[in-house]
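# Here is my input; please provide its structure:
(2 chains)
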There are 2 protein chains.
Amino acid sequence: MTKRNAFYAQSGGVTAVINASAAGVIETARRHRARIGKVYAGRNGIIGALTEDLIDTSKEPAAAIRALKHTPSGAFGSCRYKLKGLEESRAQYERLIEVFRAHDIGYFFYNGGNDSADTCLKVSQIAEKLGYPLAAIHVPKTVDNDLAVTDNCPGFGSVAKYVATSMREAAFDVASMAKTSTKIFVLEVMGRHAGWITSAVGMADDEETPIPLVLLFPEIAYDEAAFLAAVDAKTKAHGYCCIGVSEGLSDASGRLLAEAGGKDAFGHAQLGGVGPLIAARVKANLGYKFHWAVADYLQRAARHLASKTDLDQSYAVGRAAVEYALAGKNAVMPAIARVSDRPYRWKIVEAPLAKVANVEKKLPRDFIAKDGYGITPKARTYLGPLMKGESPPPFRDGLPRYVRLKNAPVAKKLAAGFDV
Amino acid sequence: MTKRNAFYAQSGGVTAVINASAAGVIETARRHRARIGKVYAGRNGIIGALTEDLIDTSKEPAAAIRALKHTPSGAFGSCRYKLKGLEESRAQYERLIEVFRAHDIGYFFYNGGNDSADTCLKVSQIAEKLGYPLAAIHVPKTVDNDLAVTDNCPGFGSVAKYVATSMREAAFDVASMAKTSTKIFVLEVMGRHAGWITSAVGMADDEETPIPLVLLFPEIAYDEAAFLAAVDAKTKAHGYCCIGVSEGLSDASGRLLAEAGGKDAFGHAQLGGVGPLIAARVKANLGYKFHWAVADYLQRAARHLASKTDLDQSYAVGRAAVEYALAGKNAVMPAIARVSDRPYRWKIVEAPLAKVANVEKKLPRDFIAKDGYGITPKARTYLGPLMKGESPPPFRDGLPRYVRLKNAPVAKKLAAGFDV
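Have a look, this model is predicted:
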């Protein structure tokens, strides 16, 4: 078997545990030195490949790679840069192969969501077309949890744990204050058009710690009268009410309720998201004093509160990607399959990229309560294990210590540059 | 010595560790059963005393009181209800004494900030005037860290740890995305008119983990041109910039930049706080893509990330309050005195309430960098130890388990009610 180099890149929004996948790729490659030479990483994702701006991960000591497991965000930089169809973006695809050829890259590991699964598939196709031998493996990652085939997505469990914990903590705060002050608390969460993260907010409430919650899912068209009635009923019954709202909440016409920097659904200019908008609607109609929070990047960067299950799975998909490549597989993705709910057991299975690329998996209707404002036992059974377990980073002087890699550049071999 | 009952109430905004002070009061009282009968708590703070809505904490098992140490928010409810001057609010003060007399309360422990220190002082004065024997002890608490005499305030260290950790994590995220996407991240933090929490955001950046930060303190009038120049310079030098802004940021005329529900400083209607406003100003003037977060209650409820130093001190002031009362002291507050910086050593000292009541301690100018946008080594020396140490709550099924007390009511003894 010939020994060839590997290329790894991170794509799209980063997560608290995407670096664990990087560690899984690099540490596994280092255990197969007879087959894999160096692991190069793209500086700022696929842009690094296009511009031949490669990082030599072999310059990093084992301890630094190990530390990636407890470091959030993308250690090599990520990017939002979508390659389109093979014909439309032909120059980009050919350039990728040119760079791969120059650096004898035989393994392509692309760590991302729907878009990057599609790119990974197309890279495998162009390589074949050009007769360039390449194993293209997609490594799943997205806090939105909207990838097809896989039972869940690496990155999601940690956000789920963060939003459920944060809402529980805030609910205790509001309950303390409700007699004379704040009665309504609104937490806006991520997830784009899929309500997975919103459903995780529902886990804040359980039998031991009941919390009056109203959830606004992107899958359920916003009906203001019904929503206000639900909030008012809970506030009257419990003295307060907590609201979890998806950034992707839309009205019956499919229009997003809030767009940063635009006008809100009611014609007011606004700077913020849907969280403050919903809080203001409650105030205007019901008169209750409110507070609102928008966690934004805090929720997906919160490595200090990562789920151990999520961490283990993120590492496992990185390791499996290398093993798949070494087994001669191509255009596949290691997916997570749920073997059993109680006890929770999972395994890694092979998913063909054609089934993953560009498909968006929304929250099933039977995970959402009949009235549209809560979660069902089925959702709880699904979500529970994904949030389970703690694996905090090391702390020093009161703060988590995260690693920054050297990110040493690889000498360029191509004369021509490339504009992205 | 006669045996008398105690009354404990929580006041104002709650914190991640105020219940540790409650545990300090109750556990210490339980160790002095010969002198202290029952500890009653005010349901929803001082309102509970006025309306004779008392909670019998003796109904709670030792394990539940112990669990208060890891449970955020106010376990008995708090309130925003300010008693004014003795003459102005005479009926309220007399009613308090009437309720205390009915329940043979000889010890009054009031857990709050500036306002409640003033109330506590006035209660001690009216008791003396009316010839009612009472030890009135204030137990300090405020995330704003703005109490006089004490070196720091219980509740602050945990928020400091939360905002510094959150900003560090978000900064890693932004650094990953900056090449093609978000270059500016804004985190709005609490603190009202004092910049203590804002200064803690500065701790996200240190020698090992440098982060391009610009801080907007309430003590420094907002100068848009200078601020934008600082942000632009950092963004050009590092590729991204993180901004920590106080909710109390004001312009040169002393006007708050953002008031929820009002118009922003630039005449636009807006729903949100100063965080989204600042982000929009950067976008409008410099064109950089931004994200913003408003942590709101999340920062002060985040028991999962509490500082061990803060937790220990919160418990200690509760314990000391009871010991002071038993030693015959009155109208005092246990304050925290810093004995040394390295190693950090502290002790509890007695502070007369007259020196604490209604005084607001702002961030010293020499804690703020010359340009107004950062912190000095002096601030770091002060802040570091307050954030130190972890003491996470127990987790089950991936979420922190917080206690809810039974909060059994005490039978009323007075015929008349009282309107608050």
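
# Please name the nearest non-neighbouring residue to A:Gly74.
Once its chain neighbours are removed from consideration, A:Gly74 has its nearest residue in B:Ser176; the separation is 3.7 Å (CB to CB, 6 or more residues apart in numbering or on different chains). C-beta: built from backbone N, CA, C; applies to glycine.

# Just the element for the one you found, please.
Secondary-structure assignment from DSSP states H and E places B:Ser176 in helix B:156-177.

# what angle separates the very next helix or strand once past that helix from helix B:156-177?
Note on helix B:156-177: by DSSP H and E, the next helix or strand toward the C-terminus is strand B:184-189. On the basis of axes from the mean of the first three to the mean of the last three CA atoms, to 10 degrees, strand B:184-189 is oriented at 170 degrees to helix B:156-177.

# quick one: the helices in the stretch 101-250 of chain A?
Taking DSSP state H, counting those that start in this stretch to define them, one finds helices in the stretch 101-250 of chain A at A:114-129, A:156-177, A:196-201, A:224-238.

# closest to B:Val403 out of the ones you listed?
Proximity to B:Val403 (CB to CB) singles out helix A:156-177 among the helices of the stretch 101-250 of chain A, at 9.9 Å.

# How far does that closest one sit from its chain's centre?
19 Å (CA atoms, centre = their mean, to the nearest Å).

# is it fair to say A:Ile348 lies in a helix?
No. In this structure, A:Ile348 is strand, not part of a helix, as judged by DSSP: H, G, I helix; E, B strand; the rest coil.

# List the contacts of it.
With contacts taken as CB atoms under 8 Å, 6 or more residues apart in numbering or on different chains, A:Ile348 has the following neighbours: A:316-317, A:320, A:334-337.

# can I get those residues in TSV with pLDDT?
Below are these laid out as TSV (pLDDT from 0 to 100):
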residue	pLDDT
A:Ala316	98
A:Val317	98
A:Ala320	98
A:Pro334	98
A:Ala335	98
A:Ile336	98
A:Ala337	98
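
# what's the burial count for the residue nearest to A:Gly74?
Other residues within reach of B:Ser176 by the criterion other CB atoms under 10 Å in any protein chain shown amount to 28.

# mind checking how far A:Arg254 is from A:Gly248?
Let me fix one detail, which is that residue A:254 is Gly and not Arg. The span separating A:Gly254 from A:Gly248 equals 11 Å under the rule CB to CB, to the nearest Å.

# And these two? Which one has more around it.
Set side by side, A:Gly254 and A:Gly248 show unequal neighbour counts under other CB under 10 Å, the larger going to A:Gly248 at 23 against 8.

# Measure how buried the residue lying closest to the more buried one once chain neighbours are set aside is and give me the count.
Taking CB to CB, 6+ apart as the measure, A:Gly248 lies nearest to A:Pro218, with 3.5 Å between them; neighbours along the chain are not counted. Residue crowding around A:Pro218 was assessed by other CB under 10 Å; the count is 25.

# quick revisit: for the helix holding B:Ser176, what is the average pLDDT?
Throughout helix B:156-177, pLDDT has a mean value of 98.

# Now do that helix against helix B:224-238, angle only.
Interaxial angle of helix B:156-177 relative to helix B:224-238 (the same axes, to 10 degrees): 60 degrees.

# Would you enumerate the residues in contact with A:Leu298?
Counting by CB under 8 Å, 6+ apart, A:Leu298 touches A:162, B:166, B:169-170, B:187, B:293, B:295, B:298.

# The same query, at a cut-off of 10 Å, please.
Taking CB atoms under 10 Å, 6 or more residues apart in numbering or on different chains as the definition of contact, the neighbours of A:Leu298 are A:162, A:166, B:162-163, B:165-167, B:169-170, B:173, B:185, B:187, B:291, B:293-295, B:298-299.

# Check which helix or strand it maps to.
Applying DSSP H and E as the criterion places A:Leu298 in helix A:297-301.

# Count the residues that sit near the residue nearest to A:Ala331 when sequence neighbours are not counted.
The shortest distance from A:Ala331 to any non-neighbouring residue, by CB to CB, 6+ apart, is to A:Ser124 (4.1 Å). Neighbour count of A:Ser124, defined by other CB under 10 Å: 20.

# before we move on, what about A:Arg33?
As a burial measure, A:Arg33 scores 10 neighbours (other CB under 10 Å).

# if I've got this straight, it is in a strand?
No. Assigned with three-state DSSP, A:Arg33 falls outside any strand and is coil.

# coming back round to it: list residues touching both of A:Gly254 and A:Gly248?
Shared contacts of A:Gly254 and A:Gly248 (CB under 10 Å, 6+ apart): A:His193.

# give me every residue that touches A:Arg365.
Per CB under 10 Å, 6+ apart, neighbours of A:Arg365: A:217, A:219-220, A:372, A:376.

# just A:Lys361 next, same as before
A:Lys361 sits next to A:114, A:144-150, A:152-153, A:194, A:196 when contact means CB under 10 Å, 6+ apart.

# Check A:Pro392 too.
The neighbours of A:Pro392, taking CB under 10 Å, 6+ apart as the test, are A:70, A:303-306, A:308, A:400, B:304-305, B:390, B:392.

# And the buried ones among those residues, selectable in ChimeraX?
Once 16 or more other CB atoms under 10 Å in any protein chain shown is used to decide burial, the buried members of these can be selected in ChimeraX as follows:
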select /A:70,303,304,305,306,308,400 /B:304,305,390,392
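
# Could you list which of the contacts of A:Pro392 belong to helices?
Among these, the residues falling in helices (DSSP state H) are A:Lys308.

# Put together CSV for the contacts of A:Pro392, with pLDDT on each row.
Formatted as CSV, these follow (pLDDT from 0 to 100):
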residue, pLDDT
A:His70, 98
A:Arg303, 98
A:His304, 98
A:Leu305, 98
A:Ala306, 98
A:Lys308, 98
A:Pro400, 98
B:His304, 98
B:Leu305, 98
B:Glu390, 98
B:Pro392, 98
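
# if we can go back for a sec, touching, the residue nearest to A:Ala331 and A:Ala135? I think so.
Yes. Taking contacts as CB atoms under 10 Å, A:Ser124 lies within contact range of A:Ala135: 8.1 Å.

# shared neighbours of those two, anything?
Taking CB under 10 Å, 6+ apart as the contact criterion, the residues that touch both A:Ser124 and A:Ala135 are A:108, A:330-332.

# for the residues you listed, which one is nearest chain B?
Proximity of those to chain B, judged by CB to the nearest CB, is greatest for A:Phe108, which lies at 19.9 Å.

# Might you list the low-confidence residue ranges for the stretch 101-250 of chain A?
Across the stretch 101-250 of chain A, no stretch falls below the confidence threshold (pLDDT under 70).
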